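J.: Sequence first, then the predicted structure:
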Amino acid sequence: MSKRKLTRDEVTLFPPFLIKVFDLFSASNKEIYLVGAGVRAILSGKAPVNCDLTTNATPQETLEIMKDFEPFYENDFGMVGVPVGEEIYEITTYRSEKGYSDFRRPDEVTWGKTIEEDVVRRDFTMNAVLVDINEVIDIVGGIEDFDNGIIRTVGDPEIRFGEDALRMMRAIRFASTLGFVIESKTLAAISLKASLLSKISRERVRDELLKIIGSDYPAEGVRLLINTGLME
């Protein structure tokens, strides 16, 4: 695990409501971290929007902590939504997962107690970097991969894609959106597991395809879809 303090410039990128969320959870003696696209935004010098956060608070505890902001909880995956103007902040309890019979959603979800439990079930290393009000925490080498423009799964790529087959299209979408390169073992696993995409609903496949076509590098995205067998 590596840690570093946030720079003053990075802290100034925090939206006021994100700071409020950190303060509210801290006052309740609960951990909470920004993850995913919000972290990528900060590392790129941009303000995060529609923030995704992870916490050791249970969904019921999160609902209580955020009770003044009309939170809602309508799923089995520990995600509490909080409307913030036109945005939605998603605050999800640390969790571990088992069984993916539909190749998309876990059959069993167990609330976790540590960030390590939560990080190892995530898709790509760059999406597993954590940020709180003071520091950046990197358990799986996500900052180095992000800085080098590399998309790599957390752990065995064949396992990650077997858990959620849509992750294969997400890898290509990130590559075509960010101009990144998919790491060789991750790319090989996409070709190996490409047929699993047929298990995913056409609506979800369509959404990812449209994002690839609308990205900054659509030709590269389509080339990857063809070369890996996903286009078929």
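T.: Alright, I've got the coordinates.

J.: need the next SSE after the helix or strand bottoming out on mean pLDDT in the chain, C-terminal direction.
T.: Among the helices and strands of the chain, strand 95-98 carries the lowest confidence by mean pLDDT, DSSP states H and E, at a mean of 71. Using DSSP states H and E, the next helix or strand after strand 95-98 towards the C-terminus is strand 108-111.

J.: residue nearest the centroid of this protein?
T.: Gly36 (3.9 Å; CA atoms, centre = their mean).

J.: Surely that residue is in contact with Asn127?
T.: Yes: in this structure Gly36 lies within contact range of Asn127 using CB atoms under 8 Å: 5.0 Å. In this view, the C-beta of every residue, glycine as well, is placed from N, C-alpha and C.

J.: so where's the chain shaky on pLDDT?
T.: 97-108 (pLDDT under 70).

J.: Show me where it has its strands.
T.: 2-5, 32-35, 52-55, 79-84, 87-93, 95-98, 108-111, 130-131, 135-138, 150-151, 181-182 (DSSP state E).

J.: Output the ones you listed as a markdown table; include the columns distance to Arg223 and mean neighbour count.
T.: Shown next, in a markdown table, are these (distance: least, CB to CB, whole Å; neighbours: other CB atoms under 10 Å):
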| stretch | distance to Arg223 | mean neighbour count |
| --- | --- | --- |
| strand 2-5 | 34 | 11 |
| strand 32-35 | 30 | 24 |
| strand 52-55 | 29 | 23 |
| strand 79-84 | 34 | 19 |
| strand 87-93 | 32 | 19 |
| strand 95-98 | 32 | 16 |
| strand 108-111 | 36 | 14 |
| strand 130-131 | 33 | 24 |
| strand 135-138 | 31 | 19 |
| strand 150-151 | 15 | 22 |
| strand 181-182 | 12 | 19 |
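
J.: can you tell me which of those comes nearest to Ile19?
T.: strand 32-35 (10.9 Å; CB to CB).

J.: Show me what the closest one is packed against.
T.: If you count contacts as 3 or more CB pairs under 8 Å, 6 or more residues apart in numbering; DSSP states H and E, strand 32-35 packs onto helix 16-27, strand 52-55, strand 130-131.

J.: Which one of these lies nearest to Glu232?
T.: strand 52-55 (31.9 Å).

J.: circling back: tell me which of the strands of the chain sits nearest to Asp68.
T.: Asp68 lies closest to strand 79-84 among the strands of the chain, at 10.1 Å (CB to CB).

J.: Can you pull out the residues in contact with that closest one?
T.: With CB atoms under 8 Å, 6 or more residues apart in numbering as the contact definition, strand 79-84 has outside contacts at 17, 21, 59, 62-63, 66, 69-74, 88-92.

J.: what angle separates that strand from helix 16-27?
T.: 130 degrees (axes from the mean of the first three to the mean of the last three CA atoms, to 10 degrees).

J.: before we move on, back to that, any chance of TSV for the strands of the chain, columns distance to Glu163?
T.: Compiled in TSV, the strands of the chain are given as follows (distance: least, CB to CB, whole Å):
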stretch	distance to Glu163
strand 2-5	26
strand 32-35	18
strand 52-55	18
strand 79-84	17
strand 87-93	16
strand 95-98	7
strand 108-111	12
strand 130-131	21
strand 135-138	22
strand 150-151	17
strand 181-182	18
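
J.: For Ile172, which of those strands is the nearest?
T.: So among the strands of the chain, strand 181-182 is nearest, using CB to CB, at 7.3 Å.

J.: Mind listing the strands that closest one pairs with, and their directions?
T.: The pairing partners recorded for strand 181-182 under DSSP bridges are strand 150-151 (parallel).

J.: chain center to the partner strand, what's the gap?
T.: From the chain centre to the centre of strand 150-151 is a distance of 14 Å (CA atoms, centre = their mean, to the nearest Å).

J.: Thanks a lot, catch you later.
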